[in-house]
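*Asks:* sequence plus predicted model, see below.
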Amino acid sequence: MLIKLAGGRVYDPANETNGEVRDIYIRDGRIVAPDSASARVNEEYDISGRIVMAGAIDIHSHIAGGNVNTARMLLPEQHRAHLARKLSLPFGNAKWSTHETGYRYAKMGFTTVVEPAMLPINAAHAHLEMADIPIIDKAGLAVLGNDDLLLDMLRNRQEQRAINDYVAWTLHSSQALGIKVINAGGASAFKQNARSFNLDDEVPMYGVTSRRIIQALQRAVHEIGVEHPLHVHCNNLGLPGNVETALATIEAAEGLPMHLAHVQFYSYDRGKKGGFASGSVALAEALKRNANITVDVGQIMFGQTVTVSGDIVRQFAARNTATPRKWATWEAEDGAGGIVPFHYKEANFINTLQWAIGLELFLLIDDPWRVFLTTDHPNGAPFTAYPYLFHLLMDRNLRAVWSARSNQSAIKASLLPHLEREYGLYEIAIMTRAAPARLLGLHDRGHLGPGAIADIAVYTDQADKSRMFGAADYVFKDGRLVVRNGEIINIVQGCTQVVHPAYDSSIIETLNRHFSRYYNLPLHKLALSDSEMADQIGSTIRVHNAKERAA
Amino acid sequence: MTATAAIEHKHVACPFCGLSCQDLRINVRDGHFEVDAMDCAQAACGYARASGITNQTPSPTIRGQTCNIADATLRAAEILGQANSPLVGGLGCDVAGVRAAVDLAERIGGTLDHMHGDSIARNVLALQDGGWMTASMTEVRNRADLIVVIGSEIFDAYPRFGEKILWPEKPSNLEIKSRTVIVLGSKTTAAGSDHGARHVTLPREQLTDVLAAICCLLRGRPLQATAVAGISFAELKDIVERLKQAQYGAIIWSAAHLDFPHSELTIQMVAELIAELNNTNRFIGMPLTGPDGTATAQQVCTWKCGFPLRTSFAKGYPDYDPYSHGTLHLLATGQADALLWISSFNAQSPPTTSAPTIVLGHGATRCDSPPEVFIPVGTPGIDHAGLLFRGDGVAALPLAQLRNSALPSTADVIGMILSQLPR
């Protein structure tokens, strides 16, 4: 079966196509070259004048796992529904359900989403939820750095090779696409009553610094050939002056690839009276100097949301800001989590400054291949705010409107009114398609060249970019039409993207000893096999190649 | 008949209580289970029940008359398809079973509750009112230097509780110097006497008062009473001092055993006490949840519906109400006009009701009067593989199949019902 999308304006930065009119051909779920298209076309869509991009990829969105599910239990009042659903769409109005997550992403033209905080002990749970998110493809990042085994290995000065094997095994056993570290060592230190945790603080009992943990993991990820660099949630999130921590972490990367997540939350300088000021310029300049660093923004948007984070040090410290006044934390074998509902208010100085800093970062960092669009869903805002965020990036007048009705002291203290830049469609396509695929090592997507999986979004170009990106005209997933005129018409099942780098099986004995002793679990029950993914979790996996392991 | 050789299974995951022990050794011979020396009444009972149905695989019935499964699921689909407000209850099954049950409820406009829905609601109400700080079973086992157990009944309901959490054989890696265990319960038990556990007895209903007094002393507020619930001021003061001195303290409770009116307030008091203690030292809570896949049903329902159990789809959207969507309330007030009852681990019979009842149950289920439809289902971890959440809700762990079985899984049966529903 051959499908033709005829006459669309194509934005495909990976293939350097910038709005040219091209026909796109799809066969067996993949994009095929025009010359193989002399065959009869079975289905043709006239999309002349419309915008065509690859399906969008979200590199950091908390869509699944114990922390998210506890947040749902904690806050039923936040997402009550009142409207009966359409008969054709099961769970269509079950807000914040896994089902609705898939529908809402697909409607916007997103076809791959990464859950960035999967604790290995909670990996089966996270994958179960992801398997129940329809249409889109999913991936998880396994969290290490607060687990006793790694800390113990570092304390005992084990060689990097052993750490590499442990990290590679974790990617297998958690069925993950990459590794994340969250306030490295902080959750472990919190268990021993630390209330703050800086880059050079030591985890009590282990005598290992946060810096050491980050560097060991970063090197491991690099050396075992995982394409997605270590995904770092820095120390001191949310505190004034924390841009220094972010800059020090960039230095600590020592030129190796590193991704800093939701940098808006640590781009805060210290104001005159010790309060908040923008640190966006310092961060943007550091990015210019350090080509090895990528960031996603973690934009905040005004309104009610809930913060859901593995950074228990931060979440516990923020407990008294909870709106409404309730919050939860939990600690597990290899990490922790905390849930604090929060309302970002435009009248509030700090909240407006946070909003402005996020936008400053987007506008100051001039390489769209290295800055990614996220709201750290749901921490800065729910992912459903993305269309409006595109609009803000593409329209300085809209920014001016919001600046005028936000806290004026914060706006005066911000560079935002002076930043004239407006994103174009090509840059949007880089930031949400081409660059994420490259950053994650997902070479089969994020572009529209022959061989790519046929994840495609078609939009109507219009001045109101939030309308444009809020409801795609057509979305194809693996070549199947799933969205028409902004409505879900076909509920398909995506799969889970993983990487399985090689490891030396001599590590197994160490792992078995550790987990059977301290977790009361034999190793095979902690590890998710490929067949368990298909049979019990309910999602098949697609294994992406790791690079050759460094000698 | 020649005797078949027994097949030995090691590291068997037990599905019969919230502790989710992973270390059973079981010999399986002709579908019968010989459970290796293990001091656990719950497991012994669970495996014996499974052995008991081996010789004659039970059949589906309609009004007590044996039938084939296709007819049984068709009749079930008719009943559920015609009902205005069916209740999908029991929910004693694995992840796959609950997933299917939630899909079914969404399709037919049903309401979801679990057979232990009251105890689930107690915890959730406390969580939703103020939140809490918790930790996993393993963290308590490895880390806590002080553990307060609320409810002496936990030792009976979770026979290996002491061995698995309070006094494990294998030492922790965390250099805990010593561990103090205090049991606040309504009866004295022998549990932990050889480990020096301290038992404080009090009437269950006065637990909240005692916790309030402890909170009061902790906050340095004056306390007029000289004793609360029979506990002297000096003893209360001593408990408070111990709480304050803990490096990593834990309070464990089982909501199932706080079965008195408004016990969600007791749990809330525990949560507040823990939050208060964390202003200076580390302290966490551990709600130990029960058998019959309690944590599994709660987790799956929450991610698929966006809301916890006691969510109804009768109005065409998920409508969560922990008070009015309880099983007994819906049945007693006639608001449920059909009942689908699921119990695959235990032979728990459905609550008595005049509403037509479909039971997807353990083969050993006995009902006072035959239900409209009975379909025997396999037990996860015995008749088929599955995933089950540990009682702390943190880990979803695999259950393996232990014997060849003709019994379908709950998910299979619900799948058949779904396919036979009128379009």
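*Replies:* Everything's here; your move.
*Asks:* residue numbers of the stretch 301-450 of chain A in contact with chain B?
*Replies:* A:316, A:319, A:322, A:325-333, A:339 (C-beta under 8 Å from any C-beta of the partner chain). C-beta here means a position set from N, CA and C on the backbone, and glycine is covered the same way.
*Asks:* buried ones among these?
*Replies:* When neighbours are counted using 16 or more other C-beta atoms under 10 Å in any protein chain shown, those contain these buried positions: A:F316, A:R319, A:A322, A:K326, A:W327, A:A328, A:T329, A:W330, A:E331, A:A332, A:E333, A:I339.
*Asks:* out of these, which one has the weakest pLDDT?
*Replies:* Least confident by pLDDT among these: that is A:E333, with 94.
*Asks:* pull the residues that contact the helix or strand hosting A:T329.
*Replies:* When secondary structure is defined using DSSP states H and E, the element that contains A:T329 is strand A:328-332. Taking contacts as C-beta atoms under 8 Å, 6 or more residues apart in numbering or on different chains, the residues outside strand A:328-332 that touch it are A:66-67, A:70-71, A:74, A:119, A:121-122, A:187, A:190-191, A:312, A:315-316, A:336-339, B:127, B:131-136, B:138-139, B:284, B:394.
*Asks:* out of those, which sit inside helices?
*Replies:* Those of the contacts of strand A:328-332 mapping onto helices are A:66-67, A:70-71, A:74, A:187, A:190-191, A:312, A:315-316, B:127, B:138-139, per DSSP state H.
*Asks:* does chain A sit close to stretch B:33-43?
*Replies:* No - among the residues of stretch B:33-43, none lie within reach of chain A under C-beta under 8 Å from any C-beta; the closest is 14.6 Å away.
*Asks:* first-to-last residue distance for that stretch?
*Replies:* By C-alpha to C-alpha, to the nearest Å, the extent of stretch B:33-43 from end to end equals 11 Å.
*Asks:* buried residues of it, list them for me.
*Replies:* B:F33, B:V35, B:M38, B:C40, B:Q42, B:A43.
*Asks:* number of nearby residues for the residue lying closest to the second one once chain neighbours are set aside?
*Replies:* Right, the one you point to is B:V35. Nearest non-adjacent residue to B:V35, counting by C-beta to C-beta, 6 or more residues apart in numbering or on different chains: B:Y47, 5.1 Å away. Residues near B:Y47, counting by other C-beta atoms under 10 Å in any protein chain shown, number 24.
*Asks:* please, which helix or strand holds B:Y47?
*Replies:* Under the criterion DSSP H and E, the helix or strand holding B:Y47 is helix B:41-52.
*Asks:* which residues touch that helix?
*Replies:* The set of residues external to helix B:41-52 that reach it, using C-beta under 8 Å, 6+ apart, is B:14-17, B:21, B:24, B:26, B:31-33, B:35, B:38, B:157-159, B:291, B:345-347, B:362, B:364, B:379, B:382-383.
*Asks:* out of these, which sit inside strands?
*Replies:* Members of those lying in strands (criterion: DSSP state E): B:L24, B:I26, B:H32, B:F33, B:V35.
*Asks:* OK, now which residue of the stretch 251-400 of chain B is nearest to chain A?
*Replies:* The stretch 251-400 of chain B approaches chain A most closely through B:G316 (2.9 Å), counting by C-beta to the nearest C-beta.
*Asks:* could I get the phi/psi values of that residue?
*Replies:* phi 90, psi 0 (degrees, to the nearest 10).
*Asks:* that's all I had, so thanks and see you.
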